[in-house]
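[1] model this:
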Amino acid sequence: MSENDYRAKMRDRFTTFDVDGDGQVTADDFEAMARRVIDEFEVREGTPQASAIREGARRFFVGLAKATDSDESGSITESEFIAGAERRLRDNPEGFDAIVRPWAQSVIAIADVDGDGEVSVEEWGRALRAMGATEAGIKRDLKAIDRDRDGRVSLDEVIESALEFYTRERSRDSFASA
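    Sure, this is the predicted structure:
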């Protein structure tokens, strides 16, 4: 994958993370993303699930900021995000796993209506939609993420999909604007 292709997919991801569209990614954007997932799955405030997803979002933002917020301002600009992703995430699957796993676990916990640790592909589609994925992208992602074709999406499958996007030769994904 060329540098330009990698930058394009990081621009798409930045736009998804910038929930309020102000040109910066902040902890508030991740809180808003958590709120959208909470609302989508009708989770009550004050429950362990709501607390877990908020904590997962907080940890995801903190880890992402450590990797990308070069001026340590508490907000991540698009140029910081792209440069930081190229420098600290692209060739660091273990580091990225540590950043994304708490968020992924908390999203699966909310979407997992029967409590078996996995979600149906339909439930994962709802989660993706709540996180800002495009409809066309959701269809693409759902075809690719269920690797064992059992109709369920596990934490390992979610992590593997995210790792492919950030650290491997995977083209633009379900959050792509084009």
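[2] switch to C-alpha atoms for all contacts and neighbour counts from now on
    OK.
[3] What's the local residue count around Asp114?
    10 (other Cα atoms under 10 Å).
[4] Which secondary structure state does it sit in?
    coil (DSSP: H, G, I helix; E, B strand; the rest coil).
[5] From Lys143, how far off is Asp150?
    Asp150 sits 12 Å away from Lys143 when distances are taken as Cα to Cα, to the nearest Å.
[6] Return the list of helices and strands in contact with whichever helix or strand Gly56 is part of.
    Here Gly56 sits within helix 48-68, counting by DSSP states H and E. Other elements packing on helix 48-68 under the criterion 3 or more Cα pairs under 8 Å, 6 or more residues apart in numbering; DSSP states H and E are helix 27-40, helix 78-84, helix 93-111.
[7] Check what contacts it and list those residues.
    26-27, 30-31, 33-35, 38, 43-45, 72, 74-76, 80-85, 88-89, 99-100, 102-107, 109-110 (Cα atoms under 8 Å, 6 or more residues apart in numbering).
[8] switch to 6 Å and redo it
    27, 30, 34, 80-81, 84, 88, 99-100, 102-103, 106 (Cα atoms under 6 Å, 6 or more residues apart in numbering).
[9] List only buried entries from the residues you listed.
    27, 30, 34, 80-81, 84, 88, 99-100, 102-103, 106 (16 or more other Cα atoms under 10 Å).
[10] Identify the farthest-apart pair in the residues you listed.
    Glu80 and Ser106 (26.5 Å; Cα to Cα).
[11] Report how many residues lie close to the closest residue to Met33 other than its chain neighbours.
    With sequence-adjacent residues excluded and distances taken as Cα to Cα, 6 or more residues apart in numbering, Met33 is closest to Met131, at 5.8 Å. For Met131, the count of nearby residues is 22 (other Cα under 10 Å).
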